[in-house]
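J.: from the sequence below, what's the structure:
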Amino acid sequence: MDDSLAKHQKTEGVIELRLHDVNQLFNSMDPSPFTDKDLDDKAEAFIVEWAEDFPSDMPLRLLVHIERPVTDLSAPGQTAEAIHRYFSYRVERNRRKLRQFLKQGRLSLLVGLSFLVGCLLASDLIQHTWHGTAATIFAESLTIGGWVAMWRPLEIFLYDWWPIRRTGKVYQKLSEMDVQIQIHTDLEIPSPAVVAQVTAARSG
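T.: Sure thing, here's the model as predicted:
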C-alpha cells in the first residue's frame, strides 16, 4: 500500500454508501425542494452510526456511490448541499433539545430541593415533638422520601445530558464533512465508469 494513502486513511474516517438512485438518500414523503429534503431514516441512521465509530477528533468524508446515471449534472452538488443542510438542521434541533432538557433539569432540581428541605424540617419537628417507634419511623421515612425526590435532577445533571451533547458533536462533524458523489454506469467496473465526481466541503 502506498505510504501516503495509508497516512490519509489513518487521518480521515470514510463512510461509504452504495445506492441505485440518489433519491434513496432522501425521505420520499418530504415535499420540500431537493436541497431542503430530510434524509431517509435508514440512510441517516447508517451515516450517524458509522460516524460515532470513528474517533471524535477524526475528520469525516462521505462517499456515495450511485449506480444509476443522472441527467442533471448539478445533482451531485445539490446532493452534497442537501446533506450538509440536513445535518446543520439536526445540529440546531439537538441544541434546542439540550437547552430544554437542562431547563427541565433546573426545574426538577428546584422542586427536589424544596421538597427535600420540607421533608427534613418536618422530620426534625416530629423527632422533637413526638417520641416512640412510630414517630421515629415516620421521621426517617420523610428523610428518605426527600432524598428520593432528588434522584431525577441528579440523574439529569450527572448522566442524561452528556449523550445528547455527544450526539450534537457528531451532527456538527457531519454538517462539515466532505461529501463526494460518484456516479457509476457499472458498479462492477467502478474506476473507468465514473462519469461525475463532486467534492463538497462546508467552509468554516
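
J.: now name the helix or strand holding the residue nearest in space to the middle of the chain.
T.: For the chain, the residue whose C-alpha lies nearest the mean C-alpha position (C-alpha atoms, centre = their mean) is Thr167; its distance is 3.0 Å. Using DSSP states H and E, Thr167 sits in helix 161-176.

J.: what number of residues lie near Phe138?
T.: Phe138 has 15 neighbours, counted by other C-beta atoms under 10 Å. C-beta here means a position set from N, CA and C on the backbone, and glycine is covered the same way.

J.: tell me who's in contact with it.
T.: By C-beta atoms under 8 Å, 6 or more residues apart in numbering, Phe138 lies in contact with Ile126.

J.: name the element the closest residue to the residue nearest to the centre of the chain other than its chain neighbours belongs to?
T.: The shortest distance from Thr167 to any non-neighbouring residue, by C-beta to C-beta, 6 or more residues apart in numbering, is to Asn94 (6.1 Å). Element membership of Asn94, judged by DSSP H and E, is helix 75-129.

J.: what angle do that helix and helix 161-176 make?
T.: 170 degrees (axes from the mean of the first three to the mean of the last three C-alpha atoms, to 10 degrees).

J.: for helix 75-129, packing partners?
T.: helix 133-148, helix 151-155, helix 161-176, strand 178-184, strand 194-200 (3 or more C-beta pairs under 8 Å, 6 or more residues apart in numbering; DSSP states H and E).

J.: what comes up buried for the helix holding Thr167?
T.: Using 16 or more other C-beta atoms under 10 Å as the test for burial, helix 161-176 gives Thr167, Gly168, Val170, Tyr171, Gln172, Lys173, Leu174, Ser175, Glu176.

J.: for it, output the C-alpha coordinates as CSV.
T.: This file holds the C-alpha atoms of helix 161-176, laid out as CSV (Å, rounded to 0.1, in the frame of the first residue of the first chain):
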residue,chain,number,x,y,z
TRP,A,161,-27.3,15.4,29.4
TRP,A,162,-23.9,14.3,28.0
PRO,A,163,-25.3,11.7,25.5
ILE,A,164,-27.3,14.5,23.9
ARG,A,165,-24.3,16.7,23.8
ARG,A,166,-22.2,13.9,22.3
THR,A,167,-24.8,13.3,19.6
GLY,A,168,-24.7,17.0,18.8
LYS,A,169,-21.0,16.9,18.3
VAL,A,170,-21.4,14.0,15.8
TYR,A,171,-24.1,16.1,13.9
GLN,A,172,-21.7,19.0,13.8
LYS,A,173,-19.0,16.9,12.3
LEU,A,174,-21.4,15.5,9.7
SER,A,175,-22.6,19.0,8.8
GLU,A,176,-19.0,20.0,8.0
